[in-house]
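> with the input below, show me the fold.
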Amino acid sequence: MSKALTIAGVDILPGEQCQIDVPVAKLYTDTELSLPVHIQRGKRQGPTVFVSAAVHGDELNGIEIIRRLISANLDVIRGTLILVPMVNVYGVLSQSRYLPDRRDLNRCFPGSEKGSMAARLAHTLMENIIKHCDYGIDLHTGAIHRSNLPQIRADLSDGETRELAEIFGVPVLLNSVLRDGSLREAATNNGTRILLYEAGEALRFDDLSINAGYQGVQNVLMKLGLIRKRRIKRKIEPFIANKSEWLRASGSGFVNEMFELGEQVTEGQTLAEIHSPLGELIQKVTSTRSGIIIGKQNIPLVQEGDAMYHIAYFGQNDDGVAEHIELLQDTLGESDNG
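Next up is the predicted model:
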């Protein structure tokens, strides 16, 4: 594998490692906006894999996962690993999900060379990173005041994608449709197989989510042969959700919750109560089916229509999922700085 990989005019040869800044745009402060990228190439031929974070600028767990991957100085023996810790740099600076034009970057792919800032950033990522890659892992968290249980979302109808999702090592897999304008859709159209990792909450570090993601990325890299295989301490058996839905508030008020993230619920069970400021019961939020809580709102205030609990349904396997979530928490609950 003697061919150089060229990113933003920089040639990276097999066996080399480097960090580059890919130019994106100039702000009205005359400040350059660029995309920081870390590249590690093995000496032997193999697949090219990207790992990206902070497509939404307030989703920080992925940045820490990639920092740990860089600090670990992984021995890439074949192929190429491209790490992009902050896609939406401006959003990270402003602690915002969005770009200055209030656009959601994850609805702007594949982008345009002459479009809005969001379109140009999406185009820059596609042209400089994604088009080179055979595989990708995009790291996300829940929105502000909302947490997600560690989970993989992917096109599980594709056999190889499903195999990688399973080896990642989290208990919950969601067979997720492609969203128009998303990085995952654009990467798939490019022929890049991609996993989307969801875990934790915006603007917060969460040890369990970070540790699971850090280990999960390495599991995939071992499977693809980029790094040497080593024994996985405790394998987490994944379960595929056949359906998931958000339960919403039918009234506005203060929330008294009864269940936490990762807990098993049964059909008709009361998950929370919504009260008025004077104590009047406005609504009992009940589960419509038996399942596992994979996402929830954290702030104890709701407006009518707010999404409160994301429940995944696994048919007869709910008990097994709950047990394996506990195994994940026991195995990865302690901080591991890599």
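> quick one: low-confidence parts of the stretch 1-150 of the chain?
1-2 (pLDDT under 70).
> quick one, helices of it?
61-71, 89-94, 117-128 (DSSP state H, counting those that start in this stretch).
> residue 298 is nearest to which of those?
helix 61-71 (14.8 Å; C-beta to C-beta). Using the backbone N, CA and C atoms, a C-beta is placed for each residue, glycine as well.
> quick check: buried residues in the closest one?
Across helix 61-71, burial judged by 16 or more other C-beta atoms under 10 Å covers 61-70.
> can you show me the helices along the stretch 151-300 of the chain?
Under DSSP H, counting those that start in this stretch, the stretch 151-300 of the chain gives helices at 159-168, 183-189, 207-224.
> need those in TSV (columns: mean pLDDT, distance to residue 247 and mean neighbour count).
TSV is the format used below for the helices of the stretch 151-300 of the chain (pLDDT from 0 to 100; distance: least, C-beta to C-beta, whole Å; neighbours: other C-beta atoms under 10 Å):
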stretch	mean pLDDT	distance to residue 247	mean neighbour count
helix 159-168	96	25	18
helix 183-189	97	25	21
helix 207-224	96	22	23
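> want to throw those helices into a markdown table with distance to residue 38?
A markdown table is the format used below for the helices of the stretch 151-300 of the chain (distance: least, C-beta to C-beta, whole Å):
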| stretch | distance to residue 38 |
| --- | --- |
| helix 159-168 | 21 |
| helix 183-189 | 18 |
| helix 207-224 | 13 |
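> of those, which is nearest residue 241?
Short answer: helix 159-168, nearest of those by C-beta to C-beta, at 11.8 Å.
> show the pLDDT at the residue lying farthest from the centre of the chain.
For the chain, the largest distance from the centre (C-alpha atoms, centre = their mean) belongs to residue 278, which lies 39.8 Å off. Looking at residue 278, its pLDDT stands at 95.
> give the contact list for it.
Contact analysis of residue 278 by C-beta atoms under 8 Å, 6 or more residues apart in numbering lists nothing.
> can you check residue 62 too?
52-54, 85, 139-141, 197, 213.
> hmm, back to that, output the helices of the stretch 1-150 of the chain in CSV; the columns should cover distance to residue 154.
Supplementary listing: these in CSV, determined by distance: least, C-beta to C-beta, whole Å:
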stretch, distance to residue 154
helix 61-71, 16
helix 89-94, 24
helix 117-128, 19
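> residue 274: which of the ones you listed is closest?
Between these, helix 61-71 lies closest to residue 274; by C-beta to C-beta that is 29.1 Å.
> about what we covered before: closest to residue 158 among the buried residues of helix 61-71?
When the buried residues of helix 61-71 are compared against residue 158 (criterion: C-beta to C-beta), the nearest one is residue 62, at 23.0 Å.
> from residue 214, how far out is the closest one?
Counting by C-beta to C-beta, to the nearest Å, the gap between residue 62 and residue 214 amounts to 10 Å.
> joint contacts of those two?
Contacts common to residue 62 and residue 214, judged by C-beta under 8 Å, 6+ apart, are absent.
> quick one on the thing from earlier: to residue 93, which of the helices of the stretch 151-300 of the chain lies closest?
helix 183-189 (20.1 Å).
> who are the packing partners of that closest one?
helix 117-128, strand 135-140, strand 193-201 (3 or more C-beta pairs under 8 Å, 6 or more residues apart in numbering; DSSP states H and E).
> again, 7 Å this time
strand 135-140, strand 193-201 (3 or more C-beta pairs under 7 Å, 6 or more residues apart in numbering; DSSP states H and E).
> now do the strands in the stretch 201-338 of the chain.
239-241, 243-248, 253-257, 264-265, 270-275, 281-286, 291-297, 301-302, 307-313 (DSSP state E, counting those that start in this stretch).
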